[in-house]
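*Asks:* Got a predicted structure plus its sequence, pasted below:
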Amino acid sequence: MPVLSSGDCESRQALYCRKDKSLGVLCSNFLRLYNKDDIESIGLDDAAIRLGVERRRIYDVVNILESIGVVARKAKNQYSWKGFAVIPEALEALREEGVKENFTMSSFLSSPKDLGGYKNAGSSEFKFEVQDSSSGSSKNDNRKEKSLALLTQNFVKLFLCSGVEFITLDNAAVALLGDNSNSTAMRTKIRRLYDIANVFSSMNMIEKTHNPETRKPAFRWLGWRGVPVDGFPCPAASEKSESRKRMFGTDLTNYDSKRTKVEPSINLKYPLTVKLENSENSCDNKSEVEQLLDHDAGGYVFGPFAPKAVIQQTVSVQNGAMQNRDWESLASTHRPHYHNQALSDLFVHYMEAWKSWYTEVAENKQAQEVS
DNA sequence: CTCTCCCGCCATTGT
DNA sequence: ACAATGGCGGGAGAG
């Protein structure tokens, strides 16, 4: 009886690795699984099973993706795949909305150093209630206001509407949460922002860096620049490099093996996870993504804080020379979306930064190959 | 130690 | 009442 004895096929993988279970990795796998032309609808249970995670996690990913328009709720348990193509418009809509709501915060940074050239406009506080007077249902919208989806949208508005280049999560929390918040609420909000940052990072829409000035870790907006076409330098593909460094994506998103818990006797817990999947299929109890990853290592499953090298297009990093025209065309492709000067400038700035680090990555790659 | 942020309890909301 | 959603924050893994 194929009851998934703790780690049969891959007994060597008995270690719990937190990274493998991150929302970012889950998001990547989710995207990889559903980014197909013939995906009519996405069933939550189906997704949970195929990705080997608990249903709860699917809600997280789906809610965030829905905020960007990639998926849309169709009915109970059902979402429809909209695709990446809608991202640009979704972002534009958010930007406009943000501008309208005066999302240009100012009470946002703790020190004027936190931003790159931002003209302080007095001490006007930053508060936006998004008070939509449309519906008369003013009852407990409290829940909705706290939703991950709304937080996600506000987070991107922050990037799109403020002229700030780097945003630290606590700054974001302060800005999005009204000013004077108790530390508990703050902490929770930051936890959520980390969640969001992880999925955005996995999609390469933001990048984790450090604010040049302050040493603080911060995020930089990259925006959507298209689905990475394969040719993706999946770290696991080319070399054996067993370096357990920033590996991402290459692992499936979990399956049992709780973190530290070692249920003394039996573990009747986890009713819905594990089990099925290995009905008659020889012996694997691998989740679908894992199987996918076994071969076909060229996909674009990138996890959180992925190898920023992930970018699309053939990118022949071979001789370290990145053709500028690629960036130029990219720039021209995207520029139209930005109406205001500040954003345009920012964009140019990004391109610069991107180029420089790309060169860096290329060099590392070379050095590594010489090994 | 601080920074991250997974996990899953359980309150809400939907059927 | 039961099922689907999804806040929330404890506390463990990373660095």
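*Replies:* Sure, I can see it.
*Asks:* any idea how far residue A:195 is from residue A:87?
*Replies:* 19 Å (CB to CB, to the nearest Å). Any C-beta I mention is one placed from the backbone N, CA and C, and that applies to glycine too.
*Asks:* worst-scoring helix or strand of chain A, pLDDT-wise?
*Replies:* When the helices and strands of chain A are scored by mean pLDDT, DSSP states H and E, helix A:235-238 comes last with a mean of 33.
*Asks:* Where does pLDDT dip in chain A?
*Replies:* A:1-14, A:104-140, A:179, A:228-286, A:290-371 (pLDDT under 70).
*Asks:* Looking from DNA strand B, tell me which residue of the stretch 201-350 of chain A is nearest.
*Replies:* Residue nearest to DNA strand B within the stretch 201-350 of chain A: residue A:217 (3.2 Å; CB to the nearest atom of the strand).
*Asks:* got a list of what the closest residue to that residue other than its chain neighbours touches?
*Replies:* Computed as CB to CB, 6 or more residues apart in numbering, the closest residue to residue A:217 that is not its neighbour in sequence is residue A:210, at 5.7 Å. Counting by CB atoms under 8 Å, 6 or more residues apart in numbering, residue A:210 touches A:216, A:217, A:218.
*Asks:* ok, these vs DNA strand C, which is closest?
*Replies:* residue A:217 (10.0 Å).
*Asks:* next one: phi and psi at that closest one?
*Replies:* Backbone torsions of residue A:217, given as degrees, to the nearest 10, read phi -70, psi 140.
*Asks:* cool, residue A:173 as well?
*Replies:* phi -60, psi -40.
*Asks:* Same check on the one 3 residues further on?
*Replies:* For residue A:176, the backbone dihedrals are phi -80, psi -30 (criterion: degrees, to the nearest 10).
*Asks:* element containing residue A:72?
*Replies:* Under the criterion of DSSP states H and E, residue A:72 resides in strand A:71-75.
*Asks:* ok, then the element right after that strand?
*Replies:* Next element after strand A:71-75 (DSSP H and E): strand A:78-81.
*Asks:* Contact residues of chain A facing DNA strand C?
*Replies:* Counting by CB under 7 Å from any atom of the strand, the positions of chain A adjacent to DNA strand C are A:16-19, A:44, A:55-56, A:59, A:62-63, A:76-78, A:143, A:146-149, A:184-185, A:187-188, A:191-192, A:246, A:259-260.
*Asks:* Show me which of those residues are buried.
*Replies:* Buried by 16 or more other CB atoms under 10 Å: A:19, A:62, A:63, A:148, A:149, A:192, out of the residues of chain A next to DNA strand C.
*Asks:* Surely residue A:204 is in a helix?
*Replies:* No. Counting by DSSP: H, G, I helix; E, B strand; the rest coil, residue A:204 falls outside a helix, being coil.
*Asks:* distance of it from residue A:47?
*Replies:* Distance from residue A:204 to residue A:47, counting by CB to CB: 22 Å.
*Asks:* got it, and residue A:226?
*Replies:* 24 Å.
*Asks:* With residue A:199 instead?
*Replies:* 14 Å.
*Asks:* where along the stretch 151-300 of chain A do the helices fall?
*Replies:* Counting by DSSP state H, counting those that start in this stretch, the stretch 151-300 of chain A has helices at residues A:169-176, A:183-202, A:235-238, A:288-294.
*Asks:* Compute the number of surrounding residues for residue A:48.
*Replies:* Here the count is done by other CB atoms under 10 Å, and residue A:48 has 19 residues near it.
*Asks:* Quickly find the element holding it.
*Replies:* Here residue A:48 is covered by helix A:44-51, with elements defined by DSSP H and E.
*Asks:* Can you tell me which helices and strands that helix packs against?
*Replies:* helix A:23-34, helix A:55-67, helix A:288-294 (3 or more CB pairs under 8 Å, 6 or more residues apart in numbering; DSSP states H and E).
*Asks:* and the angle from it to helix A:23-34?
*Replies:* 100 degrees (axes from the mean of the first three to the mean of the last three CA atoms, to 10 degrees).
*Asks:* buried residues in helix A:44-51?
*Replies:* A:47, A:48, A:49, A:50, A:51.
*Asks:* Deepest in the core, which of the helices and strands packed on helix A:44-51 is it.
*Replies:* helix A:23-34 (a mean of 25; mean count of other CB atoms under 10 Å).
*Asks:* Show me what that one is packed up against.
*Replies:* Secondary elements touching helix A:23-34 (3+ CB pairs under 8 Å, 6+ apart): helix A:44-51, helix A:55-67, helix A:183-202, helix A:288-294.
*Asks:* Using PDB, write out every CA atom in the third one.
*Replies:* Below are the C-alpha coordinates for helix A:183-202, written out as PDB (Å, rounded to 0.1, in the frame of the first residue of the first chain):
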ATOM      1  CA  SER A 183       3.900  48.200  17.300                       C
ATOM      2  CA  THR A 184       1.900  45.100  17.200                       C
ATOM      3  CA  ALA A 185      -0.200  46.200  14.300                       C
ATOM      4  CA  MET A 186       3.000  47.400  12.700                       C
ATOM      5  CA  ARG A 187       4.700  44.100  13.100                       C
ATOM      6  CA  THR A 188       1.800  42.300  11.600                       C
ATOM      7  CA  LYS A 189       1.600  44.700   8.700                       C
ATOM      8  CA  ILE A 190       5.200  44.200   8.000                       C
ATOM      9  CA  ARG A 191       4.800  40.400   8.000                       C
ATOM     10  CA  ARG A 192       2.200  40.800   5.300                       C
ATOM     11  CA  LEU A 193       4.400  43.100   3.400                       C
ATOM     12  CA  TYR A 194       7.100  40.500   3.400                       C
ATOM     13  CA  ASP A 195       4.600  38.100   2.000                       C
ATOM     14  CA  ILE A 196       3.800  40.400  -0.800                       C
ATOM     15  CA  ALA A 197       7.400  41.300  -1.400                       C
ATOM     16  CA  ASN A 198       8.100  37.700  -1.800                       C
ATOM     17  CA  VAL A 199       5.700  37.000  -4.500                       C
ATOM     18  CA  PHE A 200       6.600  40.200  -6.300                       C
ATOM     19  CA  SER A 201      10.200  39.300  -6.100                       C
ATOM     20  CA  SER A 202       9.500  36.000  -7.600                       C
END
